[in-house]
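**Student:** okay, predicted coordinates and the sequence, questions at the end:
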Amino acid sequence: MFTIGEFARHGRVSVRMLRHYDATGLLRPAHVDPASGYRYYTAVQLARLNRIIALKDLGFTLQQVRGIVDEKVGVEELRGMLRLRRAELETAMAAAAARLVHVEARLRAIESEGHMPTNDVVIKSVPTVRVAELTATAASFEPEDIGPVVGPLYEELFRCLGAAGIAVTGPGVAYYEDAPEGGRIGVHAAVQVSAPLQDGAFRVLDLPSLDQAATIVHHGSMDTVLPTAQTLARWIDANGYRSNAYPREVNLECPDDRDDWVTELQTPVIPR
């Protein structure tokens, strides 16, 4: 048998934690000396301790941990539970990381207030372009709602084009519109092609020209586009224009590292 200190060392936990588990009935000592009150544990109890610590570290409450270990869940079932919980935590961590990126973008937008580089914005006409596209609906125009929709659309679009033997001839163009459902956004993931007009697994259409568009180039992931987009919005307002449509996003360069993306925002404008 091990003393509580020895067992704590072998289990890589604190003595205080073992005392707490004893007090709550989660992990009782194998033997308690009636005269001295010293606690003693066996090597077999390390298995229960490992389960307790793993479940606790994955976010289960002590009450939930007790229910799981007392039911003597088998190794395979326990492994499945831990894998599921790990996947949930990984998803939560990814969502938290994405929120941090969006917060950083908001901070940069705040920091750029009052600093509007006018030479970054160009007014130009945009010609009609033939594109193949897939569409879907996002909950809102917030980056955390758009990204998970437009990314899979492009993956499926390129798969469909490859299966149809249609070559891509130019950059991707993402554009948006208000969906019939209030507050939702119609998302169009398009890419330039040379192909006949068609409907089917994907649609080939001529994207209308823009007589006047205020344009600006964004460098980096679209998760960080907010400061660039708001620079463009401030320029439009300050220079006597208005717009009643969402900007198009033309993917000029899309390497594997999203931080190296180059995207042109094209907002249709008319004089006020």
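**Tutor:** Perfect, I can see it now.
**Student:** from here on, just use CA atoms for contacts and neighbour counts.
**Tutor:** OK.
**Student:** right, and Tyr175 touches Asn251 too?
**Tutor:** No: counting by CA atoms under 8 Å, Tyr175 stays clear of Asn251, with 11.3 Å between them.
**Student:** tell me where the model's unsure across this structure.
**Tutor:** 72-74, 102, 105-119 (pLDDT under 70).
**Student:** which residues of it fall in helices?
**Tutor:** 4-11, 15-24, 45-57, 62-70, 75-111, 143-164, 226-238 (DSSP state H).
**Student:** so which of those gets nearest Pro171?
**Tutor:** helix 143-164 (11.9 Å; CA to CA).
**Student:** gap between the closest one and the chain center?
**Tutor:** Per CA atoms, centre = their mean, to the nearest Å, the displacement of helix 143-164 from the mean C-alpha position of its chain is 15 Å.
**Student:** use 47 as the first number from now on
**Tutor:** With 47 as the first residue, the last one maps to helix 189-210.
**Student:** would you mind giving the orientation angle of that helix with respect to helix 121-157?
**Tutor:** Angle of helix 189-210 versus helix 121-157, following axes from the mean of the first three to the mean of the last three CA atoms, to 10 degrees, is 110 degrees.
**Student:** between the helices of the chain, which one is nearest to Asp245?
**Tutor:** Across these (criterion: CA to CA), the nearest stretch is helix 189-210, sitting at 12.5 Å.
**Student:** show me what that closest one is packed up against.
**Tutor:** Judged by 3 or more CA pairs under 8 Å, 6 or more residues apart in numbering; DSSP states H and E, the packing partners of helix 189-210 are helix 121-157, strand 175-184, strand 231-239.
**Student:** redo these as JSON lines? Include distance to His66 and mean neighbour count.
**Tutor:** Listed next are those as JSON lines, based on distance: least, CA to CA, whole Å; neighbours: other CA atoms under 10 Å:
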{"stretch": "helix 121-157", "distance to His66": "23", "mean neighbour count": "14"}
{"stretch": "strand 175-184", "distance to His66": "48", "mean neighbour count": "21"}
{"stretch": "strand 231-239", "distance to His66": "52", "mean neighbour count": "23"}
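**Student:** how about these in CSV, adding distance to Ser82?
**Tutor:** Output for these, formatted as CSV (distance: least, CA to CA, whole Å):
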stretch, distance to Ser82
helix 121-157, 36
strand 175-184, 67
strand 231-239, 71
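**Student:** between these, which gets nearest to Pro254?
**Tutor:** Of the helices and strands packed on helix 189-210, the one closest to Pro254 (CA to CA) turns out to be strand 175-184, at 7.0 Å.
**Student:** quick one, which of the helices and strands packed on helix 189-210 is nearest to Pro314?
**Tutor:** Closest to Pro314 of these, according to CA to CA: strand 175-184, at 15.2 Å.
**Student:** return the residues in contact with the closest residue to Thr49 other than its chain neighbours.
**Tutor:** Nearest residue to Thr49 in three dimensions, chain neighbours excluded: Tyr86, at 4.7 Å (CA to CA, 6 or more residues apart in numbering). Each residue near Tyr86 by CA atoms under 8 Å, 6 or more residues apart in numbering is listed here: Met47, Phe48, Thr49, Ile50, Pro75, Ala76, His77, Val78, Asp79.
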